[in-house]
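# Here you go, sequence then predicted model.
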Amino acid sequence: MPKHDKKIKMTNTVICGVGGQGIILASDVLCHAAFLSKYDVKKSEVHGMAQRGGSVITHVRFGKEVHSPLIEKGTCDYMVAFEKLEALRYTDYLKKNADIIVDDREIAPMSVLVGETKYPVGIEKKLQKFGKVHSTDATKVAVELGNLRVVNIILLGLLSNFLDLDEKCWQDAIKQNVKERFVELNINAFNRGRELSG
Amino acid sequence: MKSLLSGNEAVARGAWEAGCKVATAYPGTPSTEIIENITKYQEINAEWSINEKVALEVAAGASFAGARALVAMKHVGLNVAADPFFTMGYSGVSGGLVVVSADDPGMWSSQNEQDNRHYGRHAKVPILEPSDSDEARIFTKLGFEISERFDTPVLLRLTTRICHSACLVELEERKEIEVKGYLKDIKKRLVLPAHARALHLVVEERLKKLAAHSEIFPYNRIEWGKMTIGIITSGVAYQYAKEVFPDASFLKLSLTHPIPRKMIEKFAHKVKKIIVVEEGDPILETEIKAMGIRVTGKDKIPICGELTPEVIRNSFSKKRQTVMKKAEIPARPPVLCPGCPHRGVFYIFNKLKIVASGDIGCYTLGALPPLSAMDTCVCMGASVTNAQGMEKALGKDFSRKSVAVLGDSTFFHSGITGLVNAVYNKGYLNLVILDNFTTAMTGHQPHPGTGRLARGEQGKRVAPEDIARGCGVEMVKVINPNDLRATEAALREALDYDGVSVLIFRRPCALLVKPRPPYRIDAEQCNGCRLCLRVGCPAISLTFSEGRDKPLAVVDESLCVGCGLCVQLCQRNAIVLTKEPDA
């Protein structure tokens, strides 16, 4: 259980990527883990049009008392990006020296696929201007685990190293948010993510 | 006990706790999950109605019968349901009636940014505006109470950030409310002019009583802070304003129509300067100004777009925030999914240079390059009628190169009336129904064409082709849209047909079927001609490979679902299966 003084600090996390990558599940799990750790917590996401392969961002905030479900730009402590271009898109949310967890994955948007624009190069270097970059290859770990869909939980595992939430709360949060037959796989994925140093 | 719920889940919970018996809706972002969650409660008879007008009328009928009823819709849904909504304001209720409008500031998934607080005022109906999920639950319950006590429907006005934000919610048990049963009362429910004249007087009296109630409504409250700034706010804007002005005094309004004038006057008297922080139109601001109180509001805070903490902060900050250079970051708008059954139809539209009157659903994305296959999109069902109007203006020859295109769920929602209209008025209309067996954009809700009901149980299937024939259409065809040759042939035949034709392109949504093994590009065969790129599949891109002067196509095997559409375009048999599909 977190100590009282720790509860005073507000923790802001954005999770971003491409619609369909399991971003909403990841934010649900994080949100539940914070709830089970007795924090006040709020989460905001967008459904509908934004999920059809579009850019997706969710906000998760926890602390002693949370008002706004949206993180104010320039105040975000952690970013978990499932895709490199999407990490770059939302850097304006980050405060100075934020931790940026980014999966080493590139998904070209349609304008790049049809040759109108180019996928930016050197994203990692650009991200370094905004905080401490923890680049990882979660897809590789997911392949080892035999299911590409657990990339989201692997990245959460990595994030968990930075947050003051009990491991048991994380596990319970996973159990509450994934179907029973996938619980073991996701807990394995979470543990593998936790081992990644980034 | 506390639980973590989204605003939509909380409304569903609130309805259940309040003893609600009937709930209806047509899916629409950001309101959809209200009914999806209500279906988990067996005590509530929930349905997906075919449109919002139907949904509101069914709920109104349930209220007439003495049961508590809730109807949910997105903001533009209330345009469709406006007719019964206004009349219910006159008729009043028997069982409590809560009408939920989920507005979409910022237009995350909508065609406009209308502020439905105008509707409550226009229909003279009270409005409740929760500022988080817990209030969404409580206000749903209070909505039923206010509805019954004051004999009026209640508008529960949510916004995207209420619907799709989650926070801790206190849970209570359900309180069963006895269904009063139907009692005949034609002076109330049979709204002829003679009855309505009397009812209008009742409505005006009721507003006065509601105004008095607004003064004592416990969620209209003052939170005293420093007296230099007083914030008057409602909805999610309250939460943002609390972050931006943590020390200010607050008047938080929750029953926002009618407003509590005395409370506002008392607040205004004590604080030095008033800022009205509201999302959307200056509705509270205008009413408060009309009371002769000076306030700051939309002169600083934008009307357009959704509010966020930084939008509010920047509105009052002298130094302009540094704007990030975003030019070099390519946009990522949503796209039709890999394997989407609509893709082939749009490819042929583009190839035949068809003018397509479009409609609302995933398939609106067919308007984007490279498919660029849609010309208009107005509102649900307007594809059919817009196309007929263009033909009326330009003559029969225009229909030789034009179609109306809409999805199966949209057809049931409001396409059928337009189809009957075209048949009756001797129109030359080519109607294309993209039938993917679901309401895809909002997250796969069933509709009459699926034959499944809201809880997944079997209902009666209503087939679009039967409706088309029943409407008097003689040329009706069902085609597999993944067969490009058949798709093109059918479209050419329809364009040449004299009269009204209906083509139903039927194939399940790609997200509902098990993916087949992905394809790959045989680099030996590919000459980089880019033909396969014309279908705009997110799984296909170009890449440079060693020893080749031109970039070649490459398939992202993690995205490809093996639909095989691109295979039909390749002239060099360069797109091949990675492995044989299972039988």
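Nice, I can see it.
# rest of the way, CA atoms for contacts and neighbours
OK.
# In chain B, which strand is the longest?
Taking DSSP state E as the criterion, chain B has its longest strand at strand B:226-234.
# What's the first helix or strand after that one?
Per DSSP states H and E, the first helix or strand lying C-terminal to strand B:226-234 is helix B:236-244.
# Compute the inter-axis angle for that following helix and strand B:226-234.
With axes from the mean of the first three to the mean of the last three C-alpha atoms, to 10 degrees applied, the angle from helix B:236-244 to strand B:226-234 works out at 150 degrees.
# tell me how far helix B:236-244 is from the chain's mean position?
Centre-to-centre, helix B:236-244 and its host chain are 25 Å apart (C-alpha atoms, centre = their mean, to the nearest Å).
# List of residues touching that helix?
Applying C-alpha atoms under 8 Å, 6 or more residues apart in numbering or on different chains, the contact partners of helix B:236-244 are A:67-69, B:130-132, B:159, B:161-162, B:231, B:233, B:252, B:277-279, B:307-309, B:312-313.
# In helices only, show me these.
Those of the contacts of helix B:236-244 mapping onto helices are B:161-162, B:309, B:312-313, per DSSP state H.
# remind me which residues of chain A are low pLDDT?
Low-confidence segments of chain A (pLDDT under 70): A:1-8, A:48-50, A:198.
# does chain A sit close to stretch B:540-560?
Yes - for stretch B:540-560 and chain A, the contact criterion (C-alpha under 8 Å from any C-alpha of the partner chain) is met by B:540-542.
# buried sites along that stretch?
Using 16 or more other C-alpha atoms under 10 Å in any protein chain shown as the test for burial, stretch B:540-560 gives B:540-542, B:551-556, B:559-560.
# Could you export that stretch as PDB, keeping only the C-alpha atoms?
The C-alpha trace of stretch B:540-560 is given here as PDB (Å, rounded to 0.1, in the frame of the first residue of the first chain):
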ATOM      1  CA  ILE B 540       0.400  -2.500 -48.400                       C
ATOM      2  CA  SER B 541       3.200   0.000 -48.800                       C
ATOM      3  CA  LEU B 542       6.300   0.600 -51.000                       C
ATOM      4  CA  THR B 543       9.800   0.000 -50.000                       C
ATOM      5  CA  PHE B 544      13.200   0.000 -51.600                       C
ATOM      6  CA  SER B 545      15.000  -3.300 -51.900                       C
ATOM      7  CA  GLU B 546      18.500  -4.000 -52.800                       C
ATOM      8  CA  GLY B 547      19.400  -4.000 -56.500                       C
ATOM      9  CA  ARG B 548      16.100  -2.500 -57.600                       C
ATOM     10  CA  ASP B 549      15.800   1.000 -59.000                       C
ATOM     11  CA  LYS B 550      12.100   1.300 -58.200                       C
ATOM     12  CA  PRO B 551      10.400   0.800 -54.800                       C
ATOM     13  CA  LEU B 552       8.400  -2.500 -54.700                       C
ATOM     14  CA  ALA B 553       5.200  -3.300 -52.900                       C
ATOM     15  CA  VAL B 554       5.400  -4.900 -49.500                       C
ATOM     16  CA  VAL B 555       2.700  -6.400 -47.400                       C
ATOM     17  CA  ASP B 556       2.700  -6.000 -43.600                       C
ATOM     18  CA  GLU B 557       1.800  -9.500 -42.600                       C
ATOM     19  CA  SER B 558       0.800  -8.400 -39.100                       C
ATOM     20  CA  LEU B 559      -1.900  -6.200 -40.600                       C
ATOM     21  CA  CYS B 560      -3.000  -8.300 -43.700                       C
END
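# who touches that stretch?
A:108, A:113-114, B:338-339, B:517-521, B:523, B:526-530, B:532-533, B:538-539.
# ditto for stretch B:432-440
By C-alpha under 8 Å, 6+ apart, stretch B:432-440 touches B:27, B:341-342, B:361-362, B:403-409, B:411, B:444-447, B:449-450, B:502-509.
# Just the buried ones among those residues, please.
Using 16+ other C-alpha under 10 Å as the burial test, these include B:27, B:341-342, B:361-362, B:403-409, B:411, B:445-447, B:449-450, B:502-509 as buried.
# Return the subset of the residues you listed lying in helices.
In this view, the buried ones among the contacts of stretch B:432-440 that belong to helices under DSSP H are B:408-409.
# show me which of the buried ones among the contacts of stretch B:432-440 neighbour chain A.
B:C362.
# how about the residues of the stretch 251-400 of chain B near chain A?
Within the stretch 251-400 of chain B, the positions near chain A by C-alpha under 8 Å from any C-alpha are B:308-310, B:324, B:326, B:328-337, B:362, B:370.
# Write the ChimeraX selection for whichever of those are buried.
Those of these that count as buried under 16+ other C-alpha under 10 Å are selected in ChimeraX with:
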select /B:308,309,310,330,331,332,333,334,335,336,337,362,370
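# got the contact list for B:G89?
B:123-125, B:152-153, B:203.
# Work out for me the element residue 118 sits within.
Picked chain A for this. Using DSSP H and E, A:K118 sits within no helix or strand.
# let's do chain B instead
Per DSSP H and E: helix B:117-123 holds B:H118.
# Now that helix: buried residues?
B:117, B:119-121, B:123.
# With respect to B:V93, which of these is nearest?
Within the buried residues of helix B:117-123, distances to B:V93 taken as C-alpha to C-alpha reach their minimum at B:A123, with 14.3 Å.
# any idea how far the closest one is from B:R117?
Between B:A123 and B:R117 the computed distance is 10 Å (C-alpha to C-alpha, to the nearest Å).
# same deal with A:D104?
For A:D104, the distance to B:R117 - C-alpha to C-alpha - is 45 Å.
# rewinding a little: what's the closest of the buried residues of helix B:117-123 to chain A?
Distance to chain A across the buried residues of helix B:117-123 (C-alpha to the nearest C-alpha) is lowest for B:R117, with 21.6 Å.
# Would you state the predicted confidence (pLDDT) at that closest one?
B:R117 is assigned 98 on the pLDDT scale.
# Same check on the one 10 residues further on?
Taken from the predicted model, the pLDDT recorded for B:I127 is 98.
# for B:L192, same thing?
Looking at B:L192, the pLDDT reads 95.
# That one: what's it in contact with?
Counting by C-alpha under 8 Å, 6+ apart, B:L192 touches no other residue.
# and what of the one 10 residues further on?
By C-alpha under 8 Å, 6+ apart, B:V202 lies in contact with B:Y90.
# All the strands of the stretch 251-400 of chain B, residue numbers only.
B:255-257, B:273-277, B:355-357 (DSSP state E, counting those that start in this stretch).
# before we move on, what about chain A?
Using DSSP E, strands in chain A cover A:11-18, A:40-44, A:55-63, A:76-81, A:94-103, A:131-136.
# got those strands as JSON lines, with mean neighbour count columns?
Putting the strands of chain A into JSON lines (neighbours: other C-alpha atoms under 10 Å in any protein chain shown) gives the following:
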{"stretch": "strand A:11-18", "mean neighbour count": "26"}
{"stretch": "strand A:40-44", "mean neighbour count": "27"}
{"stretch": "strand A:55-63", "mean neighbour count": "24"}
{"stretch": "strand A:76-81", "mean neighbour count": "25"}
{"stretch": "strand A:94-103", "mean neighbour count": "22"}
{"stretch": "strand A:131-136", "mean neighbour count": "19"}
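# among the ones you listed, which is nearest chain B?
strand A:40-44 (4.1 Å).
# With just CA atoms, put that closest one into PDB.
Taking C-alpha atoms only, strand A:40-44 is exported to PDB below (Å, rounded to 0.1, in the frame of the first residue of the first chain):
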ATOM      1  CA  ASP A  40      -8.100   8.600  -6.800                       C
ATOM      2  CA  VAL A  41      -7.900   8.000 -10.600                       C
ATOM      3  CA  LYS A  42      -9.400   9.200 -13.800                       C
ATOM      4  CA  LYS A  43      -9.000   8.000 -17.400                       C
ATOM      5  CA  SER A  44     -10.100   9.600 -20.600                       C
END
